[in-house]
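> A predicted structure for the sequence below; I have some questions about it.
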Amino acid sequence: MKRWQRLVAVLFGVMLVATACSSDDNGDSSGDTTTTEASDGSGLAGEGVTVGMALPGPQDDKGFNEAHYNGIILAEQELGITPNVQENVADPDARIDAMRNLAADNELVIGVGAEFAEAGLTIAPQFPDVQFVVINGETDPEIDNLHVYGVRQGVPAYVAGVLSASEEFAAETGVDVSSVGYVGGEEIPPTTQSDDGYKAGVEDTDDSIEYASTIVGDFNDAPKAKDAAVAQIDAGAQVIFGLIDAGYPGIIQAAEEAGGEELLFSVIFPRCDDYPNLVGTAFLNSDVLVESIVQDFLDDDLVAEPFFYGVEDPEIQRLELCPNFQTPELTKVVDDTQAAINDGSITLPDGV
């Protein structure tokens, strides 16, 4: 089965996975799920296979880490693999140690995030019988057991930029936008690409709008995120796009303390219930992405060249509007922009 077909096929199973599972989850599901059986009919294809995963932050951050953690739990339920997860691996040396330790006991090791790029390049050659995948990582043609999958998170950020600067946005929100801000976590490619993407979307639509960007150096530090958002709001920002995980509540707090009129965008998980003026989310379905990686491993079909998703498959990644902002006018801007990116009518900046 081709990767795209498989991704669509498992989407129904994704909806049955709880968004908060403990690290000692036994893989039991309370509902019916689609399962992949071994070719000999003996059970799930991944039974007896162990998969290690290293997360740079907490597995319950309501962001990038939790999304990928849910994916390995989905793979446990759907494919029968045994997951081994290390969370909060924040220090560069600790990331190398985590990848090494996981390689000693697992057949496949997944480093979640570009933070593990160097660890993958360092450790994979030391364990030639283990397969390594780094989400948004880097490859080396001489390391054939190191693979890269990922998403171009700057693409939905570009869509958010177009929307923020559009006439339709001003008409629907009543805000004549003159200044926007971007708050990012650690300075890694997805963060800088999203910064570049959001900025390009704004400037391509209305280059008179002022743009401010702050990289706080940590995805999970709410006080730092709040300080950055407060500074941008004080400087006049009316809209803020935040690529922050567990630290995102800091941005919401800054907006609330400023009167609750600020318009916000989030990433990965929708936070529509957390703040009434949350416009939308650069949604990422990492559950399906991780399950697909594990299935590729079981099929001996891990990609040889880096494989990145944009917004060509909306079930994987898209800009998703919150219910309060799902008007026909705003929905059309989002849909038209994503379609133009996919058909080549819009050329994105290099690296986005």
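Alright, I've got the coordinates. Numbers count the residues shown, from 1 in each chain.

> Where in the chain is the helix or strand with the lowest mean pLDDT?
Using mean pLDDT, DSSP states H and E, helix 11-14 stands out as the lowest-scoring helix or strand of the chain, at a mean of 39.

> who's in contact with residue 234?
Contacts for residue 234 (Cβ atoms under 8 Å, 6 or more residues apart in numbering) come out as none. All C-beta atoms are positioned from the backbone trio N, CA, C, and that covers glycine.

> what's the spacing between it and residue 227?
According to Cβ to Cβ, to the nearest Å, residue 234 and residue 227 sit 11 Å apart.

> and what of residue 65?
22 Å.

> Just want to know which of those two has more residues nearby.
For residue 65 versus residue 227, the count of surrounding residues by other Cβ atoms under 10 Å is larger for residue 65: 27 against 16.

> so who does that one touch?
Residue 65 sits in contact with 55, 56, 57, 58, 59, 87, 112, 245, 246, where contact means Cβ under 8 Å, 6+ apart.

> List the buried residues of stretch 336-346.
337, 338, 341, 346 (16 or more other Cβ atoms under 10 Å).

> What's the mean pLDDT across it?
The average pLDDT for stretch 336-346 rounds to 97.

> Run a quick neighbour tally on residue 224.
19.

> In the helix or strand that contains it, which residues are buried?
Element membership of residue 224, judged by DSSP states H and E, is helix 222-234. Neighbour-count burial for helix 222-234, with 16+ other Cβ under 10 Å as criterion, is recorded at 222, 224, 225, 226, 227, 228, 229, 230, 232, 233.

> Let's have these in TSV, adding distance to residue 107.
Converted to TSV, these look like this (distance: Cβ to Cβ, whole Å):
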residue	distance to residue 107
222	37
224	38
225	37
226	42
227	43
228	41
229	43
230	47
232	46
233	49
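
> so which of those residues would you say is closest to residue 212?
residue 232 (5.1 Å; Cβ to Cβ).

> show me the contacts for the closest residue to the closest one other than its chain neighbours.
Sequence neighbours aside, residue 181 is the residue nearest to residue 232 in space, at 3.5 Å (criterion: Cβ to Cβ, 6 or more residues apart in numbering). Residues near residue 181 by Cβ under 8 Å, 6+ apart: 211, 212, 213, 214, 229, 232, 233, 235, 237, 239, 240, 241.

> now residue 181: how far from residue 241?
Taking Cβ to Cβ, one finds residue 181 at 7 Å from residue 241.

> Ok, residue 125 next?
For residue 125, the distance to residue 241 - Cβ to Cβ - is 38 Å.

> do residue 151 as well
16 Å.

> Neighbour count: those two, which is higher?
residue 241 (31 against 23).

> okay, that one: pLDDT?
On the pLDDT scale, residue 241 gets 98.

> That one contacts residue 182, doesn't it?
Yes. Using Cβ atoms under 8 Å, residue 241 is in contact with residue 182, at 5.0 Å.

> overlap in contacts of these two?
With Cβ under 8 Å, 6+ apart, residue 241 and residue 182 have common neighbours 194, 198.

> Just grab the bridge partners of the closest residue to residue 139 other than its chain neighbours for me.
With Cβ to Cβ, 6+ apart as the criterion, residue 139 has its nearest non-adjacent residue at 5.1 Å, and that residue is residue 148. Beta bridges link residue 148 to residue 134, judged by DSSP bridges.

> do residue 317 as well
residue 284.

> so what's it up against?
151, 152, 153, 155, 156, 282, 283, 284, 285, 309, 310, 311 are the contacts of residue 317 under Cβ under 8 Å, 6+ apart.

> C-terminal to the helix holding residue 224, what's the next element?
strand 239-243.

> hang on, the earlier thing: then the residue nearest to residue 232 would be within a strand, right?
Yes. Assessed by DSSP: H, G, I helix; E, B strand; the rest coil, residue 181 belongs to a strand.

> give me the beta-bridge partners of it?
Applying DSSP bridges, one finds that residue 181 bridges with residue 212, residue 240.

> Can you read off the pLDDT for it?
On the pLDDT scale, residue 181 gets 98.

> now it: how far from residue 167?
Where residue 167 is concerned, residue 181 sits at a distance of 21 Å (Cβ to Cβ).

> quick one: residue 302 and residue 294 touch, right?
No. Between residue 302 and residue 294 there is no contact under Cβ under 8 Å: 9.9 Å.

> Brilliant, that's me finished.
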